[in-house]
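Visitor: curious how this folds, go ahead:
(2 chains)
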Protein chains: 2
Amino acid sequence: MPLQLVLAKRPTGNIIPGETFNLVNIPTPSVKDIPDRHVLVEALYFSVDPAMRGWLDDRRSYIPPVKIGEVMRSLTVSRVLAVASGVTKFQPGDIVTCMLGIQEVGILPESQVDKAFPIAPGSGLKLSDLLGVLGITGLTAYFGMEKIGKVKPGDTVVVSAAAGATGSVAAQLAKLAGAKRVIGIAGGKEKCRLLKEELGLDEALDYKANDFRQKFKEATPDYVDVFFDNVGGEILDLMLSRANAFARFVICGGISQYNNSTHQGPGKYFFNVITQRVRMEGFIVMDYMKEWPEATAKLAKWVSEGKLKRKETLVKGGIKAAEGALQLLFEGKNVGKVVVEVKGPEDPVAKL
Amino acid sequence: MPLQLVLAKRPTGNIIPGETFNLVNIPTPSVKDIPDRHVLVEALYFSVDPAMRGWLDDRRSYIPPVKIGEVMRSLTVSRVLAVASGVTKFQPGDIVTCMLGIQEVGILPESQVDKAFPIAPGSGLKLSDLLGVLGITGLTAYFGMEKIGKVKPGDTVVVSAAAGATGSVAAQLAKLAGAKRVIGIAGGKEKCRLLKEELGLDEALDYKANDFRQKFKEATPDYVDVFFDNVGGEILDLMLSRANAFARFVICGGISQYNNSTHQGPGKYFFNVITQRVRMEGFIVMDYMKEWPEATAKLAKWVSEGKLKRKETLVKGGIKAAEGALQLLFEGKNVGKVVVEVKGPEDPVAKL
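Guide: Here you go, the predicted structure:
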């Protein structure tokens, strides 16, 4: 019987194993139960993202919270198993992306399922990239930089959580846009090494180091023109202290604060928003859905050409590993995109 | 002998009478001492603004701090007393605006002096308006709303320090731009009465009232599309909690924080910047100097037509009253623009 991960109790802070979620069995769906214009899909890969923590809080947001008893929301790469009458876009075997949630199989209206961007053989791309560099996190990096960051040649750009799925793409896009200097902030020496040596950033700084603030000041002699923030809290305030005139602050995420019941905003340097005419702007990648195909094609081209490198933390073990994968993120143990592999494209199709 | 107000010691918090500034006599300037292409002017009105507190802090800003021993910076309406050779734009008797600072007379390069916007007889305008609704504060309101607020018909607009010089103009401009609902926040019942009855705002709320937060929530059933902030701190955070999707936050000032050595930024609702895609943007009116003449003409027209009402706290007593006038602001005792009158246009010209 297939499994699904269901929200049992809203966490106030960290997700608590065995309390926040329940893994439950559901009956294997029968093809004759699929309503008209719906498709039955099986999950191949689950996307694991910081935003998922926010979806557990019962507060006003851009999307309703996951309800108690509901399947945990997640974007997936899935495979179509069966289609009901009235379905025109899909046939069994098609690879799709959809908000299936963390469950092994499920039924969705055709309108909520998208054809996956085609992964051409020899392109150097793979299916799980549809959730990472070509998916929600790559697109987040792309639109944050494109619509808010607006990097100009000569700019100094700083990216926090730069070894993460979004940050690692954002930092490289800033280089591609002609930034003079791209500085990544990450936790630990190994992530910093990766940022400089593998991703080609100009500077990488370990926020856990004792001399971080001093090092950061030295690394920004021309101040900061664009800050792409995935972290919030103290780091955001530090950036305000070094904001250049007319700086753009892309407020993408606040992983340092998601697990705090009282979020901390920028503090004593907030006044620089006025004196340096800083624009701080939040965004949600869904707002740019119409432009996704064009952006995805660009990102795919850059990856194929070797201009854009992507990092991935692939978690094996299927749906049982999903909850642990989410915790990896908040512990900062991942590099790049966290994806849970349920089955590879070569694995056999589920029996119905 | 003429007087000038000189910075003696940087304040860490409030300006301290008798310690922060010294009022000193200077020799009466002689016409033959004026360098080529310079003009000698006498002050008629000093502008008194919250920003002046910021100019006393020795930190990176949009303008260098006033140095110890220097005349306190202030925009003035002045009258030309004498011109040196090479001056082409001015002649004695001309009414001008210039950053003379808080001194009774002074010599400035011609390039740093501007012809005053002409106050036509019967227009209902007066000279001190050149510092208020037609001057730095009116223009601040205008460009903040025009460039960042971008009020659309149907919007709910909130203005903090709405009985102040900038806020009172900003709130009325929002109505003129077609806002559905303009809410002013001010301290005390009398200011709130003025906002509703005299300036025609839809709602005015007293932030000192015990039920302010509850009243505010009730007053914003459709949330907040534009927030024009002159106050910062807790009020800014409250607005974030009620931000509508794609809200624009015009970060104009932070008078609640200027006297704090540790500024407080938005706190626990900062995360709404992301979920509601809020744009927070600071600005300085000087950045739009090229557009000042056009904006001033518009504001003058609206005032003459009775569409825009301006409030003024005129402090008499000349330069000796300037320091006290600055304190009025931070005590929230003023309504509208604070201007110190040194002499009216009908008063006799200084003898040289």
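
Visitor: just the strands from the stretch 1-150 of chain A, written as ranges.
Guide: With DSSP state E, counting those that start in this stretch as the criterion, the stretch 1-150 of chain A has strands at A:3-7, A:21-25, A:38-48, A:76-83, A:95-98, A:105-109, A:113-115.

Visitor: out of these, which is closest to residue B:213?
Guide: With CB to CB, the closest approach to residue B:213 among the strands of the stretch 1-150 of chain A belongs to strand A:3-7: 30.6 Å. For glycine as for every other residue, the C-beta is placed from the backbone atoms N, C-alpha and C.

Visitor: list the contacts of stretch A:296-312.
Guide: Stretch A:296-312 has contacts (CB atoms under 8 Å, 6 or more residues apart in numbering or on different chains) with A:117, A:123-125, A:128-129, A:132-134, A:138-139, A:142, A:163, A:165, A:168-169, A:172-173, A:176, A:194, A:198-199, A:335-339.

Visitor: can you list the buried residues in that stretch?
Guide: A:296, A:298-300, A:302-303, A:308-312 (16 or more other CB atoms under 10 Å in any protein chain shown).

Visitor: quick revisit: which one of the strands of the stretch 1-150 of chain A is the most hemmed in?
Guide: strand A:38-48 (a mean of 26; mean count of other CB atoms under 10 Å in any protein chain shown).

Visitor: each with direction, which strands does it pair with?
Guide: strand A:76-83 (antiparallel), strand A:105-109 (antiparallel), strand A:337-341 (antiparallel) (DSSP bridges).

Visitor: export these to CSV and tack on mean pLDDT?
Guide: Formatted as CSV, these follow (pLDDT from 0 to 100):
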stretch, mean pLDDT
strand A:76-83, 97
strand A:105-109, 97
strand A:337-341, 97
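
Visitor: export the ones you listed to CSV and tack on distance to residue A:251?
Guide: As requested, those are exported to CSV (distance: least, CB to CB, whole Å):
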stretch, distance to residue A:251
strand A:76-83, 27
strand A:105-109, 31
strand A:337-341, 21
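
Visitor: quick revisit: could the strands of the stretch 1-150 of chain A be laid out in CSV, adding distance to residue A:319?
Guide: Below are these laid out as CSV (distance: least, CB to CB, whole Å):
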stretch, distance to residue A:319
strand A:3-7, 5
strand A:21-25, 7
strand A:38-48, 8
strand A:76-83, 11
strand A:95-98, 16
strand A:105-109, 10
strand A:113-115, 19
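
Visitor: which parts of chain A are helices?
Guide: Using DSSP state H, the helices of chain A run over residues A:51-54, A:136-143, A:165-176, A:189-193, A:212-219, A:233-241, A:272-275, A:292-304, A:322-330.

Visitor: and of these, who's closest to residue B:85?
Guide: Residue B:85 lies closest to helix A:272-275 among these, at 38.9 Å (CB to CB).

Visitor: in that closest one, what's buried?
Guide: By 16+ other CB under 10 Å, the buried positions in helix A:272-275 come out as A:272-275.

Visitor: in contact with residue A:37, which residues?
Guide: A:84-87, A:109-111.

Visitor: what is the nearest of the residues you listed to residue B:7?
Guide: residue A:111 (66.8 Å).

Visitor: got a list of what that closest one touches?
Guide: By CB under 8 Å, 6+ apart, the contact list for residue A:111 reads residue A:37.

Visitor: neighbours of the residue nearest to residue A:188 when sequence neighbours are not counted, how many?
Guide: Leaving aside its sequence neighbours, residue A:188 sits nearest to residue A:206 (CB to CB, 6 or more residues apart in numbering or on different chains; 6.0 Å). When counting by other CB atoms under 10 Å in any protein chain shown, one arrives at 18 neighbours for residue A:206.
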